[in-house]
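1. let's see this in three dimensions:
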Amino acid sequence: MSVTLIRSRSLITHVIDRHSWNEIEGGSVLQEDGVIKAVGRFDELARQYPDAQVIGGENDILLPGFINGHHHVGLTPVQLGSPDMPLELWFVTRMVSRNLNLYLDTLYSAFEMIASGVTTVQHIHGWVPGGLKQVEAGANEVIRAYRDIGMRVSYSHAVRNQNRLVYQRDEDFTASLPSELQAPMRRWYGRISMSDEDYALLFENLHGQHQKSRRARIQLAPANLHWCSDDMLGRLSDLSRKYDVPLHMHLLETAYQKEYARRRGGCTAVEYIGRFGLLGPRMTLGHGVWLNEKDIERLAETGTCVCHNCSSNFRLRSGVAALNQLEAKGINTAIGIDEAGINDDRDMLQEMRMVLRAHRVPGMDDSVPTAAQVFRMATSGGARTTPFGETIGSIAVGKAADLVAIDWRQISYPYLDSDFPLLDAVLLRAKTKGVQRVICDGEVIYEEGRFTRVDQAASLGALHEDLQRALTDDEVERRGLSKALLPHVRAFYANYFDPADHQPFYRPSSKA
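-> Below you'll find the predicted structure:
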């Protein structure tokens, strides 16, 4: 039996509203076997539980562990040769990615997330070559990496069964290419040989293997509207209801995706997926940059969640999401770092600052994000988008002991006005160098720059060595194909829509 008393200078347990939070000066948390048993002042709990091991100190600011609500890969696209480009062109550059050791690759980004206070990640996986056997093995390597390092993971495999490169049938796009590109294009499509039935079996197999794990859960991910047939949307909706698991779906990331939905269904993407029962508290929409007012009203009515991927939207020129309007309507929002943050890493402290500052529209009204709001997005808001739900995301008796301690001295030295609100100071000034300790399920998994379960230097060294090998024939062909395809993909989208027909929605008075 593991019993520890985690002390702090100040403890922030949860957000109350946009402008307030519960804060306990000299607060502490008693956890037993990963579950919070008591919350209160350290001096009082120390007297009640004199035999508990004490960790932490009087310079720690103790917070709920952060939740990265939208994540995909280890090494970033830039590291693998894909520069930031408009999303639809960027898909083509992603062909150049190396054949990676999924275990080591997953550890790479897990190191970065944990070091910034992330205890739970929504890992949306995809593009694993092969059939069901190979894809399931790859999924288990990803989950094994999180298990070994000690993080909590909500894993889903992104389902794509059509339109895998451009917003057109694979066969039709291949036929439109010059003859010398058609065979390589068919080979690229053929790398993944999952049938519709295989995707359902993959979910059911993984769910059966991991659903009772304390730190791993399995959910569903229709990758995007253009990537899923009507039959697949119906299958995934049925599976979500049958197993009572959440779904996470990229939607309306770009104006091109908005136009695709109009062409496919004569309606918005939100209206389209609503036909399949895919709206509601179990569904989280990733990005949602091109939602209109009617869409936002529908999400609010149905209780659908949105994960805001601020850095990604900037980097891939997708636009600025209408976060202020989503929040005003009471829609549950989360924060996702996506492929990588603005500095090409996985720093949740930095991403929270991005969200806090990116939506400060001109004016003096109270519509812009507050520190409490953004903190809620990164904790309890994110929790609601995962199968862990209310068991994580705040500090309360009965909840999981997922915590992050940040050094007050890093935030306040050499001076900080004593009246400045604590949570604002954390969001504005905390850096990864100030993350003292990360606790997941009651276990210290990171302390003073050291990971307690996995040797970071050895793991990164092994990843580096693995990628010193020569490119395979498949990797060489994909690099050449990517470069050759780029002008054809540009041409496909050149006149896809009239920009005047798709204007971004930023203000309540806008009409999109």
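
2. mind listing what's buried along stretch 260-278?
-> For stretch 260-278, burial by neighbour count (16 or more other CB atoms under 10 Å) applies to 260-262, 268-270, 272-274, 276, 278. Placement of C-beta: from N, CA and C, glycine included.

3. contacting residues for the closest residue to Gln162 other than its chain neighbours?
-> Among residues not flanking Gln162 along the chain, Ser229 sits closest, at 5.3 Å (CB to CB, 6 or more residues apart in numbering). Ser229 makes contacts with 161-162, 196, as judged by CB atoms under 8 Å, 6 or more residues apart in numbering.

4. out of these, which is most surrounded?
-> Asn161 (20 neighbours; other CB atoms under 10 Å).

5. that residue against Cys228, yeah?
-> Yes. Using CB atoms under 8 Å, Asn161 makes contact with Cys228 at a distance of 6.4 Å.

6. give me phi/psi at Val159?
-> Main-chain torsions, Val159, degrees, to the nearest 10: phi -90, psi 120.

7. what stretches of the stretch 351-500 of the chain score poorly on pLDDT?
-> Scanning the stretch 351-500 of the chain for pLDDT under 70 picks out nothing.

8. rerun at 90
-> For the stretch 351-500 of the chain, applying pLDDT under 90 flags the ranges 495, 497-500.

9. all the helices of it, residue numbers only.
-> 371-376, 382-383, 408-412, 422-429, 456-466, 473-493 (DSSP state H, counting those that start in this stretch).

10. which secondary structure elements does the shortest one sit against?
-> The elements that helix 382-383 packs onto, with contact taken as 3 or more CB pairs under 8 Å, 6 or more residues apart in numbering; DSSP states H and E, are strand 66-71, strand 118-125.

11. same thing with the last one?
-> Helix 473-493 sits against helix 87-93, helix 170-176, helix 179-190, with contacts defined as 3+ CB pairs under 8 Å, 6+ apart.

12. ok so, going back, so for Gly389, which of the helices of the stretch 351-500 of the chain sits nearest?
-> helix 382-383 (6.3 Å; CB to CB).

13. return the distance of that closest one from the chain's centre.
-> Distance, stretch centre to chain centre, for helix 382-383: 10 Å (CA atoms, centre = their mean, to the nearest Å).

14. ok, and what's touching that helix?
-> Outside of helix 382-383, the residues that reach it under the criterion CB under 8 Å, 6+ apart are 66-69, 120, 122, 307, 334-335, 389-394.

15. list just the nearest of the residues you listed to Lys431.
-> With CB to CB as the yardstick, the closest approach to Lys431 among the contacts of helix 382-383 comes from Phe66, at 14.0 Å.

16. pairing partners for that closest one in the sheet, please.
-> Val118 (DSSP bridges).

17. for it, what are its contacts?
-> Residues counted as contacts of Phe66 (CB under 8 Å, 6+ apart) are 116-120, 348, 378-379, 382, 404.

18. just the buried members of those residues?
-> Among the contacts of Phe66, those scoring as buried are 116-120, 348, 378-379, 382, 404 (criterion: 16+ other CB under 10 Å).

19. before we move on, back to that, how about the helices and strands packed on helix 382-383, which one is nearest Leu356?
-> Closest approach to Leu356 among the helices and strands packed on helix 382-383 (CB to CB): strand 66-71, 14.0 Å.

20. quick one: distance of the closest one to the chain centre.
-> 4 Å.

21. what does stretch 337-350 give?
-> Worked out by CA atoms, centre = their mean, stretch 337-350 lies 10 Å from the chain centre.

22. what's the average pLDDT for it?
-> Averaged across stretch 337-350, the pLDDT comes to 97.

23. list the buried ones in that stretch?
-> Here stretch 337-350 shows 337-342, 345-350 as buried, counting by 16+ other CB under 10 Å.

24. same check on stretch 38-45?
-> Neighbour count says stretch 38-45 has 38-40, 42, 45 buried, by 16+ other CB under 10 Å.

25. show me where pLDDT drops low in the stretch 101-250 of the chain?
-> Using pLDDT under 90, the stretch 101-250 of the chain drops low at 127, 211.

26. that one: helices as residue ranges?
-> With DSSP H, counting those that start in this stretch as the criterion, the stretch 101-250 of the chain has helices at 102-115, 132-149, 170-176, 179-190, 196-210, 230-243.

27. just those: most buried one?
-> Comparing these by mean neighbour count (mean count of other CB atoms under 10 Å), helix 102-115 ranks first with a mean of 23.

28. that older thread, Phe111: which of the helices of the stretch 351-500 of the chain is closest?
-> Proximity to Phe111, assessed across those by CB to CB, is greatest for helix 456-466 (5.5 Å).

29. ok, and what's touching the closest one?
-> So helix 456-466 is in contact with 74-75, 101, 104-105, 107-108, 111, 450, going by CB under 8 Å, 6+ apart.

30. any chance of TSV for these, columns distance to Ile12?
-> Formatted as TSV, those follow (distance: CB to CB, whole Å):
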residue	distance to Ile12
Gly74	31
Leu75	33
Asn101	38
Leu104	35
Asp105	33
Leu107	29
Tyr108	30
Phe111	25
Arg450	25
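
31. between the residues you listed, which is closest to Ser179?
-> Nearest member of the contacts of helix 456-466 to Ser179, counting by CB to CB, is Leu75, at 34.5 Å.

32. let me know the secondary structure of the closest one.
-> Under DSSP: H, G, I helix; E, B strand; the rest coil, Leu75 falls in the coil class.

33. who touches Asn101 in this structure?
-> Applying CB under 8 Å, 6+ apart, we find Asn101 in contact with 462-463, 466.

34. repeat for Val15
-> Counting by CB under 8 Å, 6+ apart, Val15 touches 21-22, 372-373, 375-376, 379-380.

35. now Lys37
-> Contacts for Lys37 (CB under 8 Å, 6+ apart) come out as 3, 30-31, 397.

36. just flag the most distant two among those residues.
-> Val3 and Val397 (14.4 Å).

37. of the contacts of Ser229, closest to Val426?
-> Using CB to CB, those come closest to Val426 at Asn161, 43.4 Å.

38. what strands flank the helix or strand containing Ser28, and is each parallel or antiparallel?
-> In the assignment (DSSP states H and E), Ser28 maps to strand 27-32. Here strand 27-32 has these sheet partners by DSSP bridges: strand 3-7 (antiparallel), strand 35-41 (antiparallel).

39. which residues sit against it?
-> Contacts of strand 27-32 (CB under 8 Å, 6+ apart): 1-8, 10-11, 13, 36-42, 45-46, 49, 52, 56, 62, 395, 401, 403, 439, 442.

40. drop anything exposed from those.
-> Buried members of the contacts of strand 27-32, scored by 16+ other CB under 10 Å, are 4-8, 10-11, 13, 36-40, 42, 45, 49, 52, 56, 62, 395, 401, 403, 439, 442.

41. Ala334 and Cys310 touch, don't they?
-> No. Here Ala334 does not reach Cys310: they are 11.4 Å apart, not a contact under CB under 8 Å.

42. neighbour count winner among these two?
-> Between Ala334 and Cys310, Ala334 has the larger neighbour count (other CB under 10 Å), namely 29 against 26.

43. the closest residue to the more buried one other than its chain neighbours - how many residues pack around it?
-> Counting by CB to CB, 6+ apart, Gly69 is the residue found nearest to Ala334 once chain neighbours are left out, at 3.5 Å. As a burial measure, Gly69 scores 32 neighbours (other CB under 10 Å).

44. relative to Asn163, how far out is Gly69?
-> Distance of Gly69 to Asn163, computed by CB to CB, to the nearest Å: 25 Å.

45. centre-most residue in the protein?
-> The residue lying closest to the centre of the chain (CA atoms, centre = their mean) is His70, at 1.2 Å.

46. which one of the contacts of helix 456-466 is nearest to Arg478?
-> Nearest to Arg478 among the contacts of helix 456-466 is Leu75, at 16.0 Å by CB to CB.

47. alright, calling it a day.
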